[in-house]
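Trainee: Here is my input; please provide its structure:
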Amino acid sequence: MIIESSAPTRVDLAGGTIDIWPLYLFHPGAATVNFAISLRAHCRIETRDDGRIILESRDRKVSFETELSAIEDLIREERLELISKLVHFFKPTTGFHLIAHSEAPAGAGLAGSSALTIACIGALNQLVGNRYEARKFITIAANVETTVIKVPAGFQDYYAAQYGGTSCIHFRTDGIEREALTVDEETLERRIAICYTGEPRLSGTNNWEITKNHIDGDPTLFALFDGIRDSSLRMRRALLEGNWPEVVETMRDAHPSRKRLAPNITTPQMDMLIEKAMSNGALAAKVCGAGGGGCIAFFCDEGRRQDVERALTAEQGAEVLSWQLAREGLTVRIS
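Mentor: Sure, this is the predicted structure:
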């Protein structure tokens, strides 16, 4: 049996960091806004009859083998740690060869690890006979990934991976709810350029330090997080109304707050690329994910996306990504 699954990565438009438990509980109305893109993470599982488990990452050029009888040891395996812990969680009873790879650049800030987690969960769940309902996948993903990164994981990225499309994720006391946003997707695709800076993301946002300081009652952080929430709700409203000038203003206004929250969210290379893009037709910039490298999304003036992309491509190390909005989330196919 061969199982093939994939899940999309995402661009976050507003609300980063507020999606970490328990931070959103302190800010009623907390929300994030993102859209899924066609650079997908893939998982392929082929069953074996010899009781062997082979785990392989084509991106990292790492693979190793173990015996099915030694599956408990995967909880302590540091090679391909995330995949190893997922296999340990599902505990398949047949041998298999799992191959993982992602279409997004490494460290792009596009939630590649979250997309891969959802893709692997979809495939492994199929391998063990659909043990869990799909509504459980995001909880499993966040809990397993937290044991790998050893700090609380944010939730927004898993929703983009599982459902695709454009989303507003609402964080409430009684749970998390995804709202599918009906937006002018053609305009999003036509006017947003995504540039990989050539610098793998080193995380300009230290989420654990922010979490600790927030819980300790830092009033500056409380005010910044209220602003992050308000920016998300403003972005949601602007997208639903097709108010593109408001989308631009929301992106512009959010950037200084993100810099105050995490001064290292941009590097000198990123600052240079933002300046170059803004001089050639970009109206606003959004650092993807935690920053400190990775990708930047630019909202371009009407008819100027190609000008922005040409200017970015001319810079050494920068790569303009080819993408479309991913309307489909997690897919799992068996052959």
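Trainee: and Gln316, what does it touch?
Mentor: Residues near Gln316 by CB atoms under 8 Å, 6 or more residues apart in numbering: Gly198. In this view, the C-beta of every residue, glycine as well, is placed from N, C-alpha and C.
Trainee: Same question for Ile169.
Mentor: Neighbouring residues of Ile169 by CB under 8 Å, 6+ apart: 15, 19, 31-34, 155-156, 159, 176-179.
Trainee: and it, what are its bridge partners?
Mentor: Thr32, Arg178 (DSSP bridges).
Trainee: gap between the two ends of stretch 298-309?
Mentor: Stretch 298-309 has an end-to-end distance of 10 Å (criterion: CA to CA, to the nearest Å).
Trainee: now do stretch 177-197
Mentor: Start-to-end, stretch 177-197 (CA to CA) is 33 Å.
Trainee: Now it: buried residues?
Mentor: Arg178, Leu181, Val183, Leu188, Arg191, Ile192, Ala193, Ile194, Cys195, Tyr196, Thr197 (16 or more other CB atoms under 10 Å).
Trainee: Equivalent analysis for stretch 98-115, please.
Mentor: For stretch 98-115, by 16+ other CB under 10 Å, it's 98-105, 107-115.
Trainee: go on, stretch 223-230?
Mentor: Leu224, Phe225, Asp226, Gly227, Ile228, Arg229, Asp230.
Trainee: name the element the third one belongs to?
Mentor: Just to be clear, that refers to Asp226. For Asp226, the host element (DSSP states H and E) is helix 219-241.
Trainee: Can you report phi and psi for Lys85?
Mentor: Main-chain dihedrals, Lys85, degrees, to the nearest 10: phi -70, psi -30.
Trainee: Tell me how many other residues crowd it.
Mentor: 19 (other CB atoms under 10 Å).
Trainee: start the count at 21, not 1, going forward
Mentor: With 21 as the first residue, the last one maps to Lys105.
Trainee: and it, what does it touch?
Mentor: For Lys105, the contact set (CB under 8 Å, 6+ apart) comprises Leu94, Ile95, Glu97, Val164, Thr167, Val168.
Trainee: Tell me the one among those residues nearest to Leu332.
Mentor: Nearest to Leu332, judged by CB to CB, of those is Val168 at 32.7 Å.
Trainee: pretty sure the closest one contacts Ser104?
Mentor: No - in this structure Val168 lies outside contact range of Ser104 using CB atoms under 8 Å: 9.2 Å.
Trainee: Strands along the stretch 71-220 of the chain, start to end?
Mentor: 72-77, 82-87, 115-122, 186-192, 195-200, 212-216 (DSSP state E, counting those that start in this stretch).
Trainee: closest to Glu335 out of the ones you listed?
Mentor: Going by CB to CB, the one of the strands of the stretch 71-220 of the chain nearest Glu335 is strand 212-216, 8.8 Å.
Trainee: That closest one pairs with which strands?
Mentor: Pairing partners of strand 212-216, with direction, according to DSSP bridges: strand 315-320 (antiparallel), strand 339-340 (antiparallel).
Trainee: what's the following helix or strand after that strand?
Mentor: On the C-terminal side of strand 212-216, the closest following helix or strand by DSSP H and E is helix 227-235.
Trainee: For that next one, give the mean pLDDT please.
Mentor: Taken as a whole, helix 227-235 has an average pLDDT of 86.
Trainee: Touching it from outside, list them.
Mentor: Helix 227-235 has contacts (CB under 8 Å, 6+ apart) with 37, 40, 42-43, 46, 171-172, 174, 241-242, 245, 281-282, 310.
Trainee: Any chance of a ChimeraX selection covering the buried ones in these?
Mentor: Buried members of the contacts of helix 227-235, defined by 16+ other CB under 10 Å, are picked up in ChimeraX with:
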select :37,40,43,46,172,174,241,245,281,282,310
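Trainee: re the thing from before, are any of the contacts of Lys105 buried, and which?
Mentor: Buried among the contacts of Lys105 by 16+ other CB under 10 Å: Leu94, Glu97, Val164, Val168.
Trainee: For the closest residue in space to Ile73 that isn't next to it in sequence, the count of nearby residues, please.
Mentor: Once flanking residues are discounted, Ile73 sits nearest to Thr86: 5.1 Å by CB to CB, 6 or more residues apart in numbering. Residues near Thr86, counting by other CB under 10 Å, number 17.
Trainee: check contacts around Thr86.
Mentor: Arg72, Ile73, Leu75, Asp93, Leu94, Glu97.
Trainee: how near is it to Cys140?
Mentor: Thr86 sits 17 Å away from Cys140, going by CB to CB, to the nearest Å.
Trainee: Also Met21?
Mentor: 16 Å.
Trainee: Could you check which of these two is surrounded by more residues?
Mentor: The neighbour count for Met21 versus Cys140, taken as other CB under 10 Å, is higher for Cys140 (25 against 11).
Trainee: hang on, that one packs against Ile23?
Mentor: No - with contact defined as CB under 8 Å, Cys140 does not count as touching Ile23 (10.5 Å).
Trainee: what residues are shared contacts of the two?
Mentor: With CB under 8 Å, 6+ apart as the test, Cys140 and Ile23 both reach Cys63.
Trainee: right, and Asp79 touches Ile119 too?
Mentor: No - in this structure, Asp79 is not within contact of Ile119 by CB under 8 Å, at 10.4 Å.
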